Structure formats: structure tokens, C-alpha cells
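**Q** kindly return the folded structure for what I paste below:
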Amino acid sequence: MSSQLSGVLTALASPFAQDGQIDEKTLRRLVDRSIDGGVDGVVACGSTGEFAAMNAAERRHVVETVIDQTAGRVPVVAQTGALSTREAVELSRHAQDAGASVLMVVAPYYEPLTLDETLRYLRTVADAVDIPVMLYNLPGATGVNLSPDTVGQLAREVENILYIKDTSADMAQAGQLIHRHGDVISTFVGWDSLLLTAVSEGAAGVMAGTANVMPAELVSIHRALRSGELDRARAEWARIWPLMDAMMSAPFIRRSRLLWVLPDSPSEGPESRSSVSTQPRPHGSRPWSRRCPDRRRHGDGRRGSPGHSWAVTPASCPARPLPRPCRPARKGVTDRDH
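**A** Alright, predicted model coming up:
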């Protein structure tokens, strides 16, 4: 099918300031960096954007900020799924009114629903808006996998369900979506390291958190594949693979933190990175996760100290070590609590 939305979409990271508030200035810079890199769209409040750590007002603020900064240059996809149907409908209507191009809807992600319940939820949210809807298949978080045939049936029943982001990391499933149901729904693969394979197979595109870091490189590979230049695409993919592999191998929350620091930002102290760092540290500046705002839990920053994390600088990845896990300072507090 002919799809309006295609190509490389940046799953935007959500930067937070030291006081725990959305860092709007840095968010706007991330939007501009992706667009300047040539991406085909940006995504607000996706998993990379840590939407589950935000309240509804913060999610609305992020969506509004991204739409405003994008200013019509590329489509904006707003992820509006929530724990309840009511909240998902409210967020979806808000995003539509704010000017989002497409809504991406994940199923409730704490207490797994049955498949029938999940489909009823998705139909209800899609029916509440007029703009296109992208299903977000995220079985690792929702406990429910939307099979290709289920997705195809749903797309045939609901007129504005036009896209799916499949984050199952299962290329066999993605292939079935592309070849069995490509006449009614366009498939975006939500696993960055599958870009080369997925686009070669016929996917509409990829939704990539790593596009926060290397948008132009991913766009170039996508363009090469679309123009039939497979050798060039493979050569460029091989060149960025060490960085891709390093980021995709990191646990998810720490990977999201890595994306906050803009690779083209100066690194000479806290003033030049005031919008993404806390205080100067021996190895440079690093942002703190929304999930763990208490800096005291991270030790004194020296290598080998409890909770030490390497700084992320333009030269630090992939040649230098990845950040180590947050280590709790108090007995009984686990990394999950951060």
C-alpha cells in the first residue's frame, strides 16, 4: 500500500532538568537535531521518551513542545496509550487537537489484558479520534502480542488504523505483517538494530531511539536501501554497527539516559551542558534519570566507587566503556527501584 508516513522516525528521548521537570530547551534541541539530520518524522512520549515515568500533564507538555518545535517540518507521532482506556482517549484527543499527525497507541502495560480486552481498548481509542492511528505492539511490556493476522483484521475493521510499530524483535512476524497485510497496514520495526533487514524486507521504516544520536547516518542507510544501493547501505551499516550494538546492548533505562547528551554539544564543563547535566564530574557531565533523581545514590563519581557511571562524551562511545548499572547506596533498594 502507499503510505504517507515512512522512513526513519526518531523516538525522542525526554530530557529532565535537575529539579525533575521536563527540560524543554534540550527537548527542542533534540527535535531540531533529528530534523537537521534528515529524519522523516519524530515521536513524542514513546518508550525511549520514558512516558511511563510522566504524569498526564507532563505528557501533554512534551507533545505540545515537540509539535511546536517541529513547526510542520516533519510529521509528529504522539504515543498516547495509557493504563486506562479513559486516559488513553483523553491523551489521544489532546494530541489530535494539538496538531499531531499520527497517534501511536500501546496497550495497557501493568496488568496484562486478554486479547479481546486489548482489541476493545484499541478500537475504542481509534474510534475517539479522526487522525491515523499506529498500533504499538510491545509484548515485552504489555504481556500481549498482536499477531500479524490479528493486526490485519483490526486494520480492515477500523478505518484509521494505518500503521503498526512492531517491537517484538521478531523478523518472522514483521515479514508476515509486511507480506500478508501490507495492503491495509504499514509496518515500522521498533528494533533499531533490525533497520537494514527490515527495510530490505519491505518495511515502511524504522522507529529508532538511536536516531537521537546518529540521525543522518540512519537516514543515509535508509535512502540507500530505497534507491537500490545495497552495497553502500551495507558498508554504511557496518561502519555504525559498533555504536548501534553498544547502545542496543545497554539496559533500556540507561540507554535512554545516553540519548540525552547531544553528541555535537561542547563538553568543557557544566555551563556548556547546563541543560542536560547536573554538576561537573571527573569524567565529564552526565544527565540523571527521572527514575533516580537522587544524585547521592550514585557515589562520588570515581571509577570503582559505588554507583559510578562513565560520562558520555562525543568520544566515549563505542570506544570507551558503557555506563555501569546504578548501584543503590542503601540496603534493600534494588536497581529496579531507581
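**Q** any idea where the strands of the chain begin and end?
**A** Counting by DSSP state E, the chain has strands at residues 7-11, 41-44, 76-79, 102-106, 133-137, 161-166, 186-189, 205-208.
**Q** give me the nearest residue to Cys45, chain neighbours excluded.
**A** Phe51 (4.0 Å; C-beta to C-beta, 6 or more residues apart in numbering). Every C-beta, even on glycine, is put in place using the N, C-alpha and C of the backbone.
**Q** that neighbour and Ala78 touch, don't they?
**A** No - applying C-beta atoms under 8 Å, one finds Phe51 not in contact with Ala78, separated by 9.9 Å.
**Q** list residues touching both of those two?
**A** Counting by C-beta atoms under 8 Å, 6 or more residues apart in numbering, the shared contacts of Phe51 and Ala78 are Cys45.
**Q** out of the two, which sits in the more crowded spot?
**A** Set Phe51 next to Ala78 and count neighbours by other C-beta atoms under 10 Å: Ala78 wins out with 32 against 22.
**Q** distance-wise, check that one relative to Asn145.
**A** As for Ala78, its distance to Asn145 is 23 Å (criterion: C-beta to C-beta, to the nearest Å).
**Q** top helix in this protein by residue count?
**A** Criterion DSSP state H: the longest helix present in the chain is helix 230-249.
**Q** can you pull the buried residues of it?
**A** Counting neighbours by 16 or more other C-beta atoms under 10 Å, one finds that the buried residues in helix 230-249 are Ala233, Glu236, Trp237, Ile240, Leu243, Met244, Ala246, Met247, Met248.
**Q** tell me the mean pLDDT over it?
**A** For helix 230-249, mean pLDDT rounds to 93.
**Q** which residues touch the residue nearest to Val151 when sequence neighbours are not counted?
**A** Spatially, and ignoring its direct neighbours in sequence, Val151 is nearest to Ile164 (5.5 Å; C-beta to C-beta, 6+ apart). By C-beta under 8 Å, 6+ apart, the contact set of Ile164 is Met134, Leu135, Tyr136, Asn137, Leu146, Val151, Ala155, Leu177, Ile185, Ser186, Thr187, Phe188.
**Q** ok, now which ones touch the fourth one?
**A** Contact partners of Asn137, counting by C-beta under 8 Å, 6+ apart, are Asn145, Leu146, Val151, Ile164, Lys165, Asp166, Thr167, Ser168.
**Q** got TSV for these, with pLDDT too?
**A** Compiled in TSV, the contacts of Asn137 are given as follows (pLDDT from 0 to 100):
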residue	pLDDT
Asn145	94
Leu146	95
Val151	97
Ile164	98
Lys165	97
Asp166	95
Thr167	94
Ser168	91
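**Q** low-confidence ranges in the stretch 1-150 of the chain?
**A** 1-3 (pLDDT under 70).
**Q** which parts of it are helices?
**A** When assigned using DSSP state H, counting those that start in this stretch, the helices of the stretch 1-150 of the chain occupy the ranges 24-36, 56-70, 85-98, 115-127, 139-142, 148-157.
**Q** so how far is Ala82 from Arg226?
**A** 35 Å.
**Q** so for the two, which residue has more residues nearby?
**A** Ala82 (24 against 13).
**Q** I'd assumed Ser92 was in contact with the more buried one.
**A** No - using C-beta under 8 Å, Ala82 makes no contact with Ser92, being 9.1 Å away.
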